[in-house]
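> This is the structure alone, sequence omitted:
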């Protein structure tokens, strides 16, 4: 888990690398879609979650 704090109306680009198991990779190769959710909170509001689409970077080894 990682945290990122932004000022009001702030913008940030982040990059996160992670490793998946070979079994998970094989599922992805067969068409399974990875599922990543980011939970965020604005001010005093309740936390909400947003789905993030993952794509495989070129040149990444298996």
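Now that the structure is in, tell me what you want to look at. Values in this document were obtained by computation on a predicted structure and should not be read as measured data. Numbering: from 1, shown residues only.
> Tell me which helix or strand comes right after the helix-or-strand element of the chain with minimal mean pLDDT.
Across the helices and strands of the chain, the lowest-confidence element by mean pLDDT, DSSP states H and E is strand 36-40, at a mean of 83. Per DSSP states H and E, the first helix or strand lying C-terminal to strand 36-40 is strand 48-52.
> End to end on stretch 37-54, go ahead and measure it.
This stretch, stretch 37-54, spans 10 Å end to end (C-alpha to C-alpha, to the nearest Å).
> Pull out the buried positions in the least confident helix or strand of the chain.
The neighbour-count check on strand 36-40 (16 or more other C-beta atoms under 10 Å) flags nothing as buried. (C-beta placed from N, C-alpha, C; glycine too.)
> who does it pair up with?
With DSSP bridges as the test, strand 36-40 is paired with strand 48-52 (antiparallel).
> what's the strand it pairs with in contact with?
Residues from elsewhere that reach strand 48-52 (C-beta atoms under 8 Å, 6 or more residues apart in numbering): 35-41.
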